[in-house]
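> test case, fold it:
(chains A, B and C)
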Amino acid sequence: MFLSLTPPANEIELLYRAKKLAGLSLGELAVHANIVTPNNLKRDKGWIGLLLEKYLGASAGNKPEQDFATIGIELKTIPVDNNGRSLETTFVCTAPLTGKTGITWEVSYVRYKLARVLWIPVEGQREIPVAQRHIGTPILWSPSAQEALQLQCDWEELMDLIVLGNVKHITAKYGKVLQLRPKAANSLVLTTAIGKLGEPIRTMPLGFYLKKNFTNQLLARNFY
DNA sequence: TTTTGATCATGC
DNA sequence: GCATGATCAAAA
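Numbers count the residues shown, from 1 in each chain, chains lettered A, B, ... in the order given. All right, here's what the predicted structure looks like:
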């Protein structure tokens, strides 16, 4: 039932597949895909994303590419409340902490990932059992001129911190719509970054996340 | 209640 | 270790 084993040929087909899933519950999808629905997402944080990938025919895997690379589209599921507002920030990609002196927004991975995104809202309130959470109407989105400018502005500020050796001072408070936060198995994980004197240092891996005010805007803008 | 920092699973 | 998929939960 609606399972797609091959990648969509174009974005029309992808959107068509996604629209067919709107209104269905995660439990129904899991049953038909022969997958067990977890009681909560504590130990299955990416479960919804992987389930939807399976239904839409994503290229899948852990390759550093868009989910639908051939048609240039990234898939993002986003947990929302009953007013359609996002409950969580959205992970974009890990942040490069070395070797990026001189990199520009135009060729950045954040821009590439967010160039075209299929957003699929899913009920995310913890009071609702995972199996009973419903899938919402998909939104095929590209940043507006204003959104692109907001992203670029934050990205440049954050990359400056990294490139100029201030990675140790980074907190989630930097950035208006984009932020840097830890992205690792736990707080003991270390990776290499650039120190104040340009020397290699060990620090926590970071990822770029879209703040809720940003995703809320795009969800609201496309609600009608 | 909201935000920031921490964490979980999986594949190679 | 780093990429994929994110949400949890302590702190503010």
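> could you use CA atoms for every contact and neighbour count after this?
Will do.
> contact residues of chain A facing DNA strand B?
Within chain A, the positions near DNA strand B by Cα under 7 Å from any atom of the strand are A:42-46, A:61-62, A:88-89, A:171-173, A:181-188, A:212.
> buried subset of the residues you listed as a PyMOL selection?
Selecting only the buried entries of the residues of chain A next to DNA strand B in PyMOL, with 16 or more other Cα atoms under 10 Å as the criterion:
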select buried, chain A and resi 89+181+182+183+212
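> near DNA strand C, from the residues of chain A next to DNA strand B?
Among the residues of chain A next to DNA strand B, DNA strand C is touched by A:K42, A:D44, A:K45, A:G46, A:G61, A:N62, A:E88, A:T89, A:P182, A:K183, A:A184 when using Cα under 7 Å from any atom of the strand.
> tally of neighbours for the closest residue to the last one other than its chain neighbours?
Okay, so that is A:A184. Leaving aside its chain neighbours, A:A184 sits nearest to A:P205 (6.2 Å; criterion: Cα to Cα, 6 or more residues apart in numbering). Counted with other Cα atoms under 10 Å, the neighbours of A:P205 add up to 22.
> does A:P205 touch A:L190 like I think?
Yes. With contacts counted by Cα atoms under 8 Å, A:P205 reaches A:L190, the gap being 6.3 Å.
> which strand or helix spans A:P64?
Using DSSP states H and E, A:P64 sits in no helix or strand.
> now do the strands in chain A.
Assigned by DSSP state E, the strands in chain A fall at A:74-80, A:90-94, A:117-123, A:139-141, A:178-182, A:191-194, A:200-203, A:206-210.
> who are the contact partners of the closest residue to A:I78 other than its chain neighbours?
Spatially, and ignoring its direct neighbours in sequence, A:I78 is nearest to A:P121 (4.8 Å; Cα to Cα, 6+ apart). Taking Cα atoms under 8 Å, 6 or more residues apart in numbering as the criterion, A:P121 is in contact with A:T77, A:I78, A:P79, A:V80, A:G84, A:I135, A:G136, A:T137, A:P138.
> low-confidence ranges, chain A, go.
Counting by pLDDT under 70, the ranges of chain A that qualify are A:1, A:224.
> roughly how far does A:K211 sit from A:D154?
Distance of A:K211 to A:D154, given as Cα to Cα, to the nearest Å: 11 Å.
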